[in-house]
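Peer 1: Any chance you can model this:
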Amino acid sequence: MSEGSSGKLDPQLVEFLQCLADCGTPELQTLSPPDARAAYLKGVQMFSGQAPKIARTVNKRFDAGGRSVVTRLYYPECIPTSSLPLVVYFHGGGWSFGSIETHDNVCRTLCAGATCIVASIDYHLAPEHKFPTAVEDAVAASLWAHENASALGADRTRIVLAGDSAGANLAAVASLALRDKGYPDLLGQLLIYPATDMAMSHASHKFFGDGYRLTRPLMVWSSTNYLREGQDIMDPRASPLRAKDHSGLPPTIIVTAGFDPLRDEGAAYAARLRNAGVDIQYRCFDNLIHGFISLTGVVNAAARALAEITVMLKKALEAK
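Peer 2: This next block holds a predicted model:
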C-alpha cells in the first residue's frame with residue numbers, strides 16, 4: 001500500500017510501469033509536441049487492445065468561431081426503434097496531445113457497450129492553440145451536437161458530455177457554459193479522472209506525482225503549453241472547481257484512480273457538485289493509475305474498469 005492510497009497498485013500495472021522504466025521510454029515532456037503526439041499514439045496502439053465491433057464511423061466537420069473542427073461519429077450495431085442517445089466525447093492528453101485516433105478504442109467501447117452514438121471531438125491542441133481555444137471548440141461542439149442531433153440520428157434530449165483527463169476538464173467546462181447559456185438540460189456528464197484545478201495543489205499530486213506515468217513534470221509541461229501568462233490558472237474555464245456556482249448541472253458520473261495525481265481534485269469536484277444539489281455518482285478505482293482506459297489490452301483490471309464505466313453510462317442514458 002502506498003502513502004495516500006487505500007489500496008495496492010494492480011500487479012499487472014506494477015509490471016507494466018517497470019517495463020516502461022527498463023525500456024527507457026522517453027518522457028513525453030522531453031519531446032517536441034509533434035513527437036510527443038506520435039509517441040502517445042504509438043503507445044495507445046500498443047496497449048489498448050482490440051476494440052469491439054460497431055456498425056460504422058463517419059467523419060464530419062463543423063465551425064468553431066472560424067476554425068474547422070473534425071468530429072468522428074460512431075454508430076452502434078443495432079436497429080433503433082427511435083433516435084439514439086448521443087455522447088459528445090473529448091479525448092485526454094494534457095490539451096497538448098491525443099486525438100480522435102488515440103481514443104478510437106474508447107469511443108468504440110462506449111458506443112457498443114452503451115448503445116449510443118458517440119461524437120469524438122478533435123479539438124485544437126496547445127501550444128499552437130492556447131487557452132481558451134480548446135474550451136471554445138468544446139462549447140461549439142456541444143452546441144453543434146444539440147442543434148444537429150436529429151440529422152445525426154440522435155435524440156437531442158439525451159445528450160451526455162464526456163471525456164477523460166484534459167477532455168473531462170473540457171466536458172465539465174462546456175457543461176457549465178451550456179448551463180449559463182440557458183440551453184435545454186443535458187442528460188448528464190461523464191468525467192473520467194478529470195483535471196479540475198490547474199493549481200495542482202491537492203494532496204494526491206504530492207503522493208503520486210512521480211512513478212505513475214502522469215508525472216509532475218509532464219503536468220507542468222502540459223499546463224505551460226496550454227495556459228497563457230497571467231491569471232488563466234484561476235479562470236473557471238481552465239479550473240472548473242473554481243467556478244462560483246455549480247448548481248443546475250446535469251447528473252454526473254465522476255471516475256478517478258487511486259494512484260493518480262488528479263484523484264483528489266476529481267473527488268473534490270464530485271463533492272462540490274453534490275453540495276450544489278447535483279446528482280452525483282462517484283467511483284474511484286483504487287488499484288489503477290491515470291490513463292487506465294487506454295491500457296485495456298495489457299491490464300485486465302483496466303479493461304474491467306472501462307466495462308464498469310460503460311455500464312454506468314448505459315444506465316444513465318436509459319434513465320430518461
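
Peer 1: now the strands: where do they sit in this protein?
Peer 2: 56-64, 67-75, 84-90, 117-122, 154-164, 188-192, 252-259, 280-289 (DSSP state E).

Peer 1: now those in JSON lines, with mean neighbour count, mean pLDDT and distance to residue 35?
Peer 2: No exception for glycine: its C-beta is placed from N, CA and C like everyone else's. Converted to JSON lines, the strands of the chain look like this (neighbours: other CB atoms under 10 Å; pLDDT from 0 to 100; distance: least, CB to CB, whole Å):
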{"stretch": "strand 56-64", "mean neighbour count": "14", "mean pLDDT": "97", "distance to residue 35": "25"}
{"stretch": "strand 67-75", "mean neighbour count": "18", "mean pLDDT": "97", "distance to residue 35": "22"}
{"stretch": "strand 84-90", "mean neighbour count": "27", "mean pLDDT": "98", "distance to residue 35": "23"}
{"stretch": "strand 117-122", "mean neighbour count": "28", "mean pLDDT": "98", "distance to residue 35": "19"}
{"stretch": "strand 154-164", "mean neighbour count": "25", "mean pLDDT": "97", "distance to residue 35": "22"}
{"stretch": "strand 188-192", "mean neighbour count": "28", "mean pLDDT": "98", "distance to residue 35": "26"}
{"stretch": "strand 252-259", "mean neighbour count": "26", "mean pLDDT": "98", "distance to residue 35": "26"}
{"stretch": "strand 280-289", "mean neighbour count": "20", "mean pLDDT": "98", "distance to residue 35": "23"}
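
Peer 1: Let me have the ones you listed in a markdown table, adding distance to residue 20 as columns.
Peer 2: Output for the strands of the chain, formatted as a markdown table (distance: least, CB to CB, whole Å):
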| stretch | distance to residue 20 |
| --- | --- |
| strand 56-64 | 31 |
| strand 67-75 | 29 |
| strand 84-90 | 26 |
| strand 117-122 | 26 |
| strand 154-164 | 20 |
| strand 188-192 | 21 |
| strand 252-259 | 14 |
| strand 280-289 | 11 |
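
Peer 1: Of these, which is nearest residue 129?
Peer 2: Evaluated with CB to CB, these place strand 67-75 nearest to residue 129, the distance being 8.3 Å.

Peer 1: between that closest one and strand 56-64, how many degrees?
Peer 2: 150 degrees (axes from the mean of the first three to the mean of the last three CA atoms, to 10 degrees).

Peer 1: got the angle for strand 67-75 vs strand 117-122?
Peer 2: Calculated by the same axes, to 10 degrees, strand 67-75 forms an angle of 150 degrees with strand 117-122.

Peer 1: so what strands line up beside strand 67-75?
Peer 2: If you go by DSSP bridges, strand 67-75 pairs up with strand 56-64 (antiparallel), strand 117-122 (antiparallel).

Peer 1: what sits against the residue nearest the centre of the chain?
Peer 2: Residue closest to the average C-alpha location in the chain (CA atoms, centre = their mean): residue 164, at 1.5 Å. Listed by CB atoms under 8 Å, 6 or more residues apart in numbering, the contact partners of residue 164 are 91-92, 103, 106, 192-194, 291, 293.

Peer 1: give me the beta-bridge partners of it?
Peer 2: Applying DSSP bridges to residue 164 gives these bridge partners: residue 192.

Peer 1: What separation do you get for the residue lying closest to residue 7 once chain neighbours are set aside and residue 316?
Peer 2: Taking CB to CB, 6 or more residues apart in numbering, and ignoring the residues beside it in sequence, residue 7 has residue 286 as its nearest neighbour in space, at 3.4 Å. Residue 286 is 22 Å from residue 316, where distance means CB to CB, to the nearest Å.
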